[in-house]
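[1] A predicted structure for the sequence below; I have some questions about it.
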Amino acid sequence: MVEVVVGVDGGATKTEAAVISYSGELMAIGQAGPSNPAALPINEVCGNLTTSILNAITKVGSGVNVAVLSISMAGYIGGAWNSEIRGCLLRGLGDYLRGARIYLTEDIEAAHASAFLTGDGVVGILGTGSNFYGKYMGRRARVGGWGHLIDDEGGAYHIGAMGLSAVVRSYDGRLGETSLVKCALQQYSASTVEELVTRIYTAKDVKGSIASFARCVFEAARNGDREALAILRRETEEVALALATVIRRLNAPELPVALMGGTYTANRDLWKPMIEGELGRLMGRVVSIGEQLIRQSCAASIIPLNAGERFGENYLTRLVETCRVQS
């Protein structure tokens, strides 16, 4: 029986599980649907977690026992769903989890490890939502990530919502002309703004529907649209403020910074210099934003090391070699 470590990255869009040997070699990847417990029924979350893990394990073959299972999830609030998630995992994966130590954390923990492994630094996730987190000399600070209804500036939902607000404000005369109107009508297959609004409010996935409009905002900003650029500047200011707040709370002005998440990586060429400039202005120094080093599913397997787990001597070195993110 081969003992393995399984790291899981549970996101708002998909769930990815990585089976890793004790020497740090990535053996297999499995994927399934989203697993954000703050946005989905817990039975759906459990089902997608289980499916992603099974998909990965079956690729490795028979004779596998999961010694350590580390799951990092978007929307996870410490302790809130522990018993339900542990219970469903044991029911669905009982044959593979005999004696397994199970760790459940928020996705920002894996994001930090994916950029800095076990080191210090500040990380921001700019995906559908946003979240910011830093570690320095044993201290931790978290900023933002309070959900799309009241927070999450810099995430696709917030950007998309601001873009759609500009569309209706332009239509009824509160703003000047903007190319966002045309892009919105095309994206949502609507012939009028009234039809557009109806389509958004009656969408099966309203959050996803609004978040998808962030693409139009970035596209319009690239083409010099004044309203789109104004939105992006405001979002940039909020992202930089969140990062600077983490750094200030840790009292570590020289900490390295990394950003990741689908919204950021898809628009890195435009957004990275804007964020670097604004953060540099706030910090009074030149800032260079770093990148994700390894997959977040692999990075989730690093978290148990902080709780005293011990893997192979060169675990981190091999993990970086086999799980590296291709830029």
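    Yep, that arrived.
[2] Which of the helices and strands in this structure ranks last by mean pLDDT?
    helix 82-93 (a mean of 91; mean pLDDT, DSSP states H and E).
[3] and it, how far out from the chain's middle?
    Its chain's C-alpha centre and that of helix 82-93 lie 23 Å apart, by C-alpha atoms, centre = their mean, to the nearest Å.
[4] Name the residues of that helix that come out as buried.
    85-86, 88-89, 92-93 (16 or more other C-beta atoms under 10 Å). C-beta coordinates here come from the backbone N, C-alpha and C atoms, glycine included.
[5] Same check on stretch 52-67?
    Buried-residue list, stretch 52-67, by 16+ other C-beta under 10 Å: 52-57, 64, 66-67.
[6] Likewise for stretch 39-56?
    Applying a neighbour-count criterion of 16+ other C-beta under 10 Å, one finds 39-40, 45-56 buried in stretch 39-56.
[7] now do stretch 181-198
    181, 183-185, 188, 190, 193, 196-197.
[8] and for stretch 176-195, what are the contacting residues?
    If you take C-beta atoms under 8 Å, 6 or more residues apart in numbering as the criterion, stretch 176-195 is touched by 163-164, 166-168, 170-171, 196, 199-200, 209, 212-213, 215-217, 219-220, 223, 225-228.
[9] can I see the domain layout of the chain?
    Per automatic domain parsing, the structural domains of the chain span 2-115+294-323, 121-292.
[10] Just give me the lowest mean pLDDT stretch among those domains.
    Mean pLDDT per stretch puts domain 2-115+294-323 lowest among the domains of the chain, at a mean of 93.
[11] what about that one, how long is it end to end?
    Terminal residues of domain 2-115+294-323 are spaced 20 Å apart (C-alpha to C-alpha, to the nearest Å).
[12] biggest separation within the buried residues of stretch 52-67, which pair?
    N55 and A67 (19.2 Å; C-beta to C-beta).
[13] For stretch 258-277, give me every contacting residue.
    13, 111, 114-116, 121-128, 130, 154-156, 159, 214-215, 218, 221-222, 232-233, 236, 239-240, 243, 287-292, 296.
[14] buried ones in stretch 216-231?
    Buried-residue list, stretch 216-231, by 16+ other C-beta under 10 Å: 216-221, 225, 227-229, 231.
[15] all strands of the stretch 51-200 of the chain, in order?
    With DSSP state E, counting those that start in this stretch applied, the stretch 51-200 of the chain shows strands at 64-73, 101-106, 121-126, 130-136, 139-143, listed in chain order.
[16] quick one: buried residues of the biggest helix by length in the chain?
    Ranked by residue count, the top helix of the chain under DSSP state H comes out as helix 226-250. Neighbour counts over helix 226-250 (16+ other C-beta under 10 Å) mark 227-229, 231-232, 235-247, 250 as buried.
[17] tell me the contacts of E84?
    42, 46 are the contacts of E84 under C-beta under 8 Å, 6+ apart.
[18] Which parts of the stretch 201-327 of the chain are helices?
    206-211, 214-222, 226-250, 262-266, 268-283, 296-300, 315-323 (DSSP state H, counting those that start in this stretch).
[19] Let me know which of the ones you listed is the nearest to W81.
    Comparing these by C-beta to C-beta, helix 296-300 comes nearest, at 16.6 Å.
[20] and that closest one, what does it pack onto?
    Other elements packing on helix 296-300 under the criterion 3 or more C-beta pairs under 8 Å, 6 or more residues apart in numbering; DSSP states H and E are strand 2-10, strand 15-21, strand 64-73, helix 107-116, helix 315-323.
[21] Select, out of the ones you listed, the one closest to L279.
    helix 107-116 (15.6 Å).
[22] Mind exporting the C-alpha coordinates of the closest one to PDB?
    The C-alpha trace of helix 107-116 is given here as PDB (Å, rounded to 0.1, in the frame of the first residue of the first chain):
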ATOM      1  CA  ASP A 107      -8.200  29.000  -0.100                       C
ATOM      2  CA  ILE A 108      -6.000  32.000   0.700                       C
ATOM      3  CA  GLU A 109      -3.700  29.700   2.700                       C
ATOM      4  CA  ALA A 110      -3.000  27.600  -0.300                       C
ATOM      5  CA  ALA A 111      -2.600  30.700  -2.500                       C
ATOM      6  CA  HIS A 112       0.100  32.000  -0.100                       C
ATOM      7  CA  ALA A 113       1.900  28.700  -0.100                       C
ATOM      8  CA  SER A 114       1.700  28.600  -3.900                       C
ATOM      9  CA  ALA A 115       3.700  31.800  -4.100                       C
ATOM     10  CA  PHE A 116       6.000  31.600  -1.100                       C
END
